[in-house]
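In: okay, predicted coordinates and the sequence, questions at the end:
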Amino acid sequence: MSTSQEAAGMAVLCRILAQLSAGEPMSVSDLIKAEDLPRSTTFDVVKRMEERGFVARVPDGRLALGLRAGAFGYAYYGLGRLFNTAQAMLPWLRDETGATVALDANDGVHFVTIGLWAAPWYRSDMPGHRLTTIPIYRSLGNQPARLRLLQEARTEEGGVAEASRLAEGIARRLAEALVAETAS
Amino acid sequence: MGSQKNGVEAAMDILEALSQSGAGSGSALAKGLGIPRASFFRLTRQLERHGLVQCGRGTVEPGTLALNLLEGHKARSEAEESRRRMVLGEIAPALPGALPAEPPPLARPARIVARRRFRIGFANGDLTNAWQVALVHSVEFAASRQFESLESVTVMNAGGDADLQNEQIRQMIADGADGILVSAVSPRKLAPLSADLLSHGVPVVLVERGGFADMAYTSFVTSNNFAIGQTTAQWLANRINHRGIVLMLWGHADAEASQSRDRAAREVFARYPDISVVTAEPTSFQRDNAYAATLASINRYGSDIAGVWCDSGLNSAGSIAAFIDAKFDAGKVPPHTGVDINLSYKLAVERRVSLASVDYPPAMGMRAFSVLLEALRGNPVPQYLDVWGKLVTTRGVARPPGIAAISAEQRVRWDMPDDLVFGTGLGPSYSPEAFRVNYPGNVRNRSAATLGAVR
């Protein structure tokens, strides 16, 4: 492959990711039109991205960001390694406990919410949630993320404690994923 | 790998490596990926121009476009979730006190099936009662609501024959199924086949039955029978002020559901020395057997029976009918548990019988179907998942603290058949007799399940 072909392929890869990062699925034809991409190169790059999980098809055939793209997004905060665990366990935690679950990344100054799994009752402007915050440590004093569990105001103490215990178990799992990252 | 590798592939290698490490030395990353240094730095410079990575002095880390990818993926997931909720309904949380102590392990299929539409096989165990029919309806409903993700769905019923079920699964695989959903006739007989399918990258999701400790499967979706037994027994113990004779009616010694519920209930009653438990013979989940067993107990203990703990709606329907035939007036039939079919609600509401029930929800079929689709899409899924029912009690009866309950008077369907099963997730207009469904592979819009049918 020549350097110019390589550059063209790379540009297509980056521009597809940039377009899809708006969150809206797009057809390959629309991507080609929107970004003025070379047709045959685009089809080839899309095939490779799909095989690697950087893009995925939604049921109507359009392309959306895939799991690998999501994991790379988490990597901005150094949390790529816990992406899979978070995607599977945090909606499960929400369903089991009926609580809203948020995953926050520490950017060194603030905590930024990078994932929110909302319970059916949840509205962000509704006051009076019962909030439990669980730190996720990479090592002593190094807290790159935290979990927040928001339960309905009427939840009894026993329910809060029970859900918190389970969330702590999941926080440990997430921390283990981060330690595995360090080890690898 | 090396210099011959396609540039786009090498770029994706770099992005994946950065997903794992977050940031790192360029030279170390190049070495780890087997990309020549010069090629590596040429590629990263191009990625940097588009904001995907940021290069420092010999280091590489995700760039600002990664942040956009995070937001884009988050928005996409939330949209997908709200669609799923709209299509398949809300999920009930666990009963208080019944949350597992630890989260389940994660399962992931051996390979991502790079397909847009999937071929799914559902191997159902049997169709001898209304619950099993409702389970099939629940799976079919899920298929009909995710039409766009499916190329075909094949449903086969084994008629309680474990060997036939294994044969049917092999047939579905030979016909090109990407993943298998099973309500196992015999988990032990299924285990070797399940392990074989997993080793070939075919996800196997078990629903309702299955899942012993060392069995290989992708996920096991069921309902927590121990919690059902515990919650209903505690309600009954409180209702009778922790004293008197409790008649226990249970379905079958071999059924895990019966065993777990029974064990949990006994643990609760054993805490109260003034409760004396009388156990009837197993009823095989037959209403007539429950009726006969209750009548025999009434003849022996009469109105000393303070409460009846039943592990299922079929048993409570038989038991309440026995009390009515034994001339217990309205309001005088002792409190009952275990009421997940319509007839039990009708009898209880009409005769003012106090009752409590936690549905054993056939909606687990719907949930299991979604889990299988997630696994096929390459998403990690929990290896074990409980689908919870809601507590239903008659009005004017104290409910355990912290439990959201619905009333039996609201739930009963006077306009529906006696054997209507609740907790299907199919909505208030669900009728097993009228159920028609359209999904890929089902050309006649007829369900694969009618009571007693084997295909």
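Out: Received the coordinates, thanks.
In: could you find the closest non-adjacent residue to the most centrally placed residue in chain B?
Out: Most central in chain B under Cα atoms, centre = their mean is B:M364, positioned 3.0 Å from the mean C-alpha point. Spatial nearest neighbour of B:M364, chain neighbours left out: B:V387 (4.1 Å); criterion: Cβ to Cβ, 6 or more residues apart in numbering or on different chains. All C-beta spots, glycine's among them, are computed from the backbone N, C-alpha and C.
In: let's see the host helix or strand of A:K47 as CSV, backbone CA atoms only.
Out: Using DSSP states H and E, A:K47 sits within helix A:39-52. Provided in CSV are the C-alpha atoms of helix A:39-52 (Å, rounded to 0.1, in the frame of the first residue of the first chain):
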residue,chain,number,x,y,z
ARG,A,39,-16.4,5.7,-2.3
SER,A,40,-14.4,2.5,-2.7
THR,A,41,-12.0,3.4,0.1
THR,A,42,-14.9,4.2,2.4
PHE,A,43,-16.6,0.8,1.8
ASP,A,44,-13.3,-1.0,2.5
VAL,A,45,-12.6,1.0,5.7
VAL,A,46,-16.1,0.6,6.9
LYS,A,47,-15.8,-3.2,6.5
ARG,A,48,-12.6,-3.2,8.5
MET,A,49,-14.0,-1.0,11.2
GLU,A,50,-17.1,-3.2,11.5
GLU,A,51,-15.0,-6.3,11.8
ARG,A,52,-13.0,-4.7,14.6
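In: is that helix anywhere near chain B?
Out: Yes: residues of helix A:39-52 are located near chain B by Cβ under 8 Å from any Cβ of the partner chain, namely A:44-45, A:48-52.
In: which one (most neighbours) among those?
Out: Highest neighbour count within these: A:V45, with 29 neighbours (other Cβ atoms under 10 Å in any protein chain shown).
In: break the chain into its domains for me.
Out: Since no chain was named, I'll use chain A. Annotated domains of chain A cover A:3-65, A:77-183 [automatic domain parsing].
In: hm, I was asking about chain B
Out: Split by automatic domain parsing, chain B gives B:2-65, B:106-222+B:362-386, B:225-358.
In: tabulate the ones you listed (JSON lines), appending mean pLDDT.
Out: Below are the domains of chain B laid out as JSON lines (pLDDT from 0 to 100):
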{"stretch": "domain B:2-65", "mean pLDDT": "90"}
{"stretch": "domain B:106-222+B:362-386", "mean pLDDT": "90"}
{"stretch": "domain B:225-358", "mean pLDDT": "92"}
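In: out of those domains, which gets nearest to A:L103?
Out: Across these, A:L103 has its closest neighbour in domain B:106-222+B:362-386 (15.2 Å, Cβ to Cβ).
In: can you tell me what sits against stretch B:276-294?
Out: When contacts are defined by Cβ atoms under 8 Å, 6 or more residues apart in numbering or on different chains, stretch B:276-294 is touched by residues B:129, B:244-253, B:255, B:258, B:266, B:269, B:296-297, B:301, B:305, B:308, B:310, B:312, B:314-319, B:321-323.
In: stretch A:124-141 now?
Out: Stretch A:124-141 is contacted from outside by A:82, A:100, A:143-153, A:155, A:160, A:163-164, A:167-168, A:171, A:174-175, A:178-179, A:182, using Cβ under 8 Å, 6+ apart.
In: those residues in strands, which ones?
Out: A:100, A:145-151 (DSSP state E).
In: and the residues you listed as TSV, adding distance to chain B?
Out: Shown next, in TSV, are those (distance: Cβ to the nearest Cβ, whole Å):
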residue	distance to chain B
A:T100	12
A:A145	12
A:R146	17
A:L147	12
A:R148	15
A:L149	12
A:L150	13
A:Q151	10
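In: between those residues, which is nearest B:S25?
Out: Using Cβ to Cβ, the ones in strands among the contacts of stretch A:124-141 come closest to B:S25 at A:A145, 24.0 Å.
In: so who does the spatially closest residue to B:I120 that is not a sequence neighbour touch?
Out: Closest residue to B:I120 apart from its sequence neighbours, by Cβ to Cβ, 6+ apart: B:V153 at 4.9 Å. Taking Cβ under 8 Å, 6+ apart, we find B:V153 in contact with B:119-122, B:140, B:143, B:439-442.
In: confirm B:K327 sits in a strand?
Out: No: counting by DSSP: H, G, I helix; E, B strand; the rest coil, B:K327 falls outside a strand, being coil.
In: contacting residues for it?
Out: Taking Cβ under 8 Å, 6+ apart as the test, B:K327 contacts no residue whatsoever.
In: now residue 132, what's its secondary structure?
Out: The chain I'm using is chain A. At A:T132 the chain is in strand, as set by three-state DSSP.
In: what about it, neighbour count?
Out: Residues contacting A:T132 under the criterion other Cβ under 10 Å number 17.
In: distance of it relative to A:T97?
Out: Going from A:T132 to A:T97 by Cβ to Cβ, to the nearest Å gives 10 Å.
In: swap in A:K33?
Out: Look at A:K33 and A:T97: by Cβ to Cβ, they are 45 Å apart.
In: comparing these two, which residue is more hemmed in?
Out: Set side by side, A:K33 and A:T97 show more neighbours around A:T97, with 23 against 11, by other Cβ under 10 Å.
In: ok, that one - contacts?
Out: Residues near A:T97 by Cβ under 8 Å, 6+ apart: A:149, A:151, A:162-163, A:166-167, B:93-94, B:99.
In: quick check: phi and psi on it?
Out: Torsion angles at A:T97 (phi, psi; degrees, to the nearest 10) stand at phi -100, psi -20.
In: what about the helix ranked longest in chain A, near chain B?
Out: Among the segments of chain A that qualify as a helix by DSSP state H, the longest is helix A:157-183. Yes: judged by Cβ under 8 Å from any Cβ, helix A:157-183 comes into contact with chain B through A:158-159, A:162-163, A:165-166, A:169-170, A:173, A:181.
In: the lowest-mean-pLDDT helix or strand in chain A - contacts with which helices or strands?
Out: Lowest mean confidence among the helices and strands of chain A (mean pLDDT, DSSP states H and E): helix A:157-183, at a mean of 87. Applying 3 or more Cβ pairs under 8 Å, 6 or more residues apart in numbering or on different chains; DSSP states H and E, one finds that helix A:157-183 contacts helix A:83-97, strand A:130-136, strand A:145-151.
In: between the last one and helix A:157-183, what angle do the directions make?
Out: Relative orientation of strand A:145-151 and helix A:157-183, computed by axes from the mean of the first three to the mean of the last three Cα atoms, to 10 degrees: 160 degrees.
In: contacts for strand A:145-151, please.
Out: Strand A:145-151 is contacted from outside by A:77, A:79, A:82, A:90, A:93, A:97-106, A:111, A:119, A:122, A:129-136, A:159-160, A:163-164, A:167, A:170-171, A:174, using Cβ under 8 Å, 6+ apart.
In: separation between A:Y76 and A:I134?
Out: Computed as Cβ to Cβ, the A:Y76 to A:I134 distance reads 22 Å.
In: now do A:L67
Out: A:L67 sits 25 Å away from A:I134, taking Cβ to Cβ as the criterion.
In: so if I had to pick from those two, which one is more boxed in?
Out: Higher neighbour count among A:L67 and A:I134: A:L67, with 21 against 17, using other Cβ under 10 Å.
In: looks like that one contacts B:G378 (just checking).
Out: Yes: contact criterion Cβ atoms under 8 Å: A:L67 and B:G378 qualify, at 6.3 Å.
In: residues shared between the contacts of those two?
Out: Between them, A:L67 and B:G378 share these contacting residues under Cβ under 8 Å, 6+ apart: A:G53.
In: so is the most centrally placed residue in chain A in a helix, a strand, or just coil?
Out: The residue lying closest to the centre of chain A (Cα atoms, centre = their mean) is A:G70, at 5.0 Å. At A:G70 the chain is in helix, as set by three-state DSSP.
In: understood, closing this out.
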